[in-house]
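Enquirer: When you get a sec, could you give me coordinates for this:
(one chain, ligands or ions: 2)
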Amino acid sequence: MDDELLEDLYYYMLLGRYFEYGAKENYLQGNISGFLHLDIGQEALSVGAMKAFEGDVFTTYREHVMAIARGISIKSVMAELFGKIDGVSKGRGGSMHMFSPELNFYGGDAIVGGHIPNAVGCAYARKYQGIDTGTLVVFGDGATNCGAFFESINIASVNKLPILFLCENNKYAIGTHISKVSSFEKQAQKAKIYMPTMEVDGMDVVAVYETVTQAQGYIKEGNGPIFVEAMTCRFEGHSISDSNQYRSSQEMELCKAQDPIEKLKAHINKDVAKSLEQKVINEIEMAVKFAKESEEPDIKDLKKYMYTQEGLKHVI
Ligand SMILES: Cc1ncc(C[n+]2csc(CCOP(=O)(O)OP(=O)(O)O)c2C)c(N)n1
Ligand SMILES: [Mg+2]
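Expert: Ligands and ions are numbered 1, 2, ... in the order given. The predicted model follows:
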């Protein structure tokens, strides 16, 4: 991998990490309300996958960093968290609903596993249209216990749909350890009778980038669906209101020792790393300022955008 790409991956992981720090701080100050699921620790997966994959993307609710790595500006992601009109979803979606049809990014879903059938429908449409770039759907380990997941892998397999199922296995669904709700530690076990599966270290951005590139190559050749499982680890509680007390300090130490940003930093020129960090800090400050200064949506527009409008033309 060349230095330019490595620096780009590093920059986006750092931007994502500082974005989440900014979001957390502003939530605690009362500037952001509603749900907030932070991606701190899981940036390698979010950035590696978004940078590698070219087609349509459906994500989980833990999606700020994916939205940013996909190309949505940090100003409009931050303004969305603040519920302001300059937000990417015009302040109507919040943390779990970043949506940009221009970037083929159909965002998160508050219903665990609910977006997986939507992504399968999109892959079906793309196959019908003769578009081969494929659809990427990202979901957690917990989502693989939903009926919708099993129905989706079955339909994708029987129709040989161009879809990449990417499981973000952080071993927890809120505070429930995977061993209590899943017969398998590795969720690929559930998919492998339907399609080929791959496993990747989700704390290594280069490995994620390369694996997703390879998996996209497979679906582009018309082979049908593929399942990738990325083993990862979140550094914070499930959401801002979860104090993470169900994980021991020893478990957290092991988790943080795998910090994907620190791992990549060792391969980045020191001066470059330093200047990127300063750039990121300035950008986040500007994004917060932008979000604070942006207007609240007008109450008279409450029903606007509820039914089909311009944007949806890009989807179908
Ligand atoms: C259908 C449904 N059931 C339950 C919930 C509550 N809930 C929100 S997140 C979550 C855990 C999901 O865990 P996982 O899929 O592993 O994703 P992670 O948060 O670890 O990224 C649950 C049970 C929900 N939002 N939707
Ligand atoms: Mg999980």
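
Enquirer: Which residue is the nearest non-sequential neighbour of the residue of the stretch 101-250 of the chain found nearest ligand 2?
Expert: Proximity of the stretch 101-250 of the chain to ligand 2 (CB to the ion) peaks at residue 140, 3.6 Å away. To be clear about C-beta, it is placed using only N, CA and C from the backbone, and glycine gets the same treatment. Among residues not flanking residue 140 along the chain, residue 168 sits closest, at 5.3 Å (CB to CB, 6 or more residues apart in numbering).

Enquirer: what does the stretch 51-200 of the chain put close to ligand 2?
Expert: With CB under 5 Å from the ion as the criterion, the stretch 51-200 of the chain comes near ligand 2 at residues 140-142, 170, 172.

Enquirer: and those as JSON lines, adding pLDDT?
Expert: Converted to JSON lines, these look like this (pLDDT from 0 to 100):
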{"residue": "140", "pLDDT": "98"}
{"residue": "141", "pLDDT": "98"}
{"residue": "142", "pLDDT": "98"}
{"residue": "170", "pLDDT": "98"}
{"residue": "172", "pLDDT": "98"}
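
Enquirer: Tell me the one among these nearest to residue 16.
Expert: residue 170 (15.6 Å; CB to CB).

Enquirer: show me what contacts that closest one?
Expert: 42, 140-141, 232-234 (CB atoms under 8 Å, 6 or more residues apart in numbering).

Enquirer: which among those end up buried?
Expert: 42, 140-141, 232-234 (16 or more other CB atoms under 10 Å).

Enquirer: Ligand 1: which of the residues you listed is nearest?
Expert: Closest approach to ligand 1 among the buried ones among the contacts of residue 170 (CB to the nearest ligand atom): residue 140, at 2.2 Å.

Enquirer: in terms of contact, does that closest one touch residue 166 like I think?
Expert: No. Contact criterion CB atoms under 8 Å: residue 140 and residue 166 do not qualify, at 10.4 Å.

Enquirer: is the helix or strand that contains residue 253 anywhere near ligand 1?
Expert: For residue 253, the host element (DSSP states H and E) is helix 249-256. No. Helix 249-256 does not reach ligand 1 (CB under 6 Å from any ligand atom); its nearest approach is 13.0 Å.

Enquirer: Please renumber the chain so that the first residue is 33 from this point on.
Expert: Happy to do that; since the first residue is 33 now, the last one works out to helix 281-288.

Enquirer: any idea where the strands of the chain begin and end?
Expert: For the chain, the strands defined by DSSP state E occupy 88-90, 167-172, 195-201, 204-205, 208-209, 229-233, 258-263.

Enquirer: so can I have JSON lines of these showing distance to residue 160?
Expert: JSON lines is the format used below for the strands of the chain (distance: least, CB to CB, whole Å):
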{"stretch": "strand 88-90", "distance to residue 160": "13"}
{"stretch": "strand 167-172", "distance to residue 160": "13"}
{"stretch": "strand 195-201", "distance to residue 160": "13"}
{"stretch": "strand 204-205", "distance to residue 160": "34"}
{"stretch": "strand 208-209", "distance to residue 160": "39"}
{"stretch": "strand 229-233", "distance to residue 160": "26"}
{"stretch": "strand 258-263", "distance to residue 160": "20"}
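
Enquirer: Looking at the ones you listed, spot the one closest to ligand 1.
Expert: strand 167-172 (2.2 Å).

Enquirer: quick one: residue 190 and residue 183, what's the gap?
Expert: 11 Å (CB to CB, to the nearest Å).

Enquirer: burial measure for residue 87, as a count.
Expert: 20 (other CB atoms under 10 Å).

Enquirer: contacting residues for the closest residue to it other than its chain neighbours?
Expert: Nearest residue to residue 87, sequence neighbours excluded (CB to CB, 6+ apart): residue 165, at 3.4 Å. Counting by CB under 8 Å, 6+ apart, residue 165 makes contact with 86-88, 158, 194, 248, 252.

Enquirer: Turn these into JSON lines, columns for pLDDT.
Expert: Shown next, in JSON lines, are the contacts of residue 165 (pLDDT from 0 to 100):
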{"residue": "86", "pLDDT": "94"}
{"residue": "87", "pLDDT": "96"}
{"residue": "88", "pLDDT": "98"}
{"residue": "158", "pLDDT": "96"}
{"residue": "194", "pLDDT": "98"}
{"residue": "248", "pLDDT": "97"}
{"residue": "252", "pLDDT": "96"}
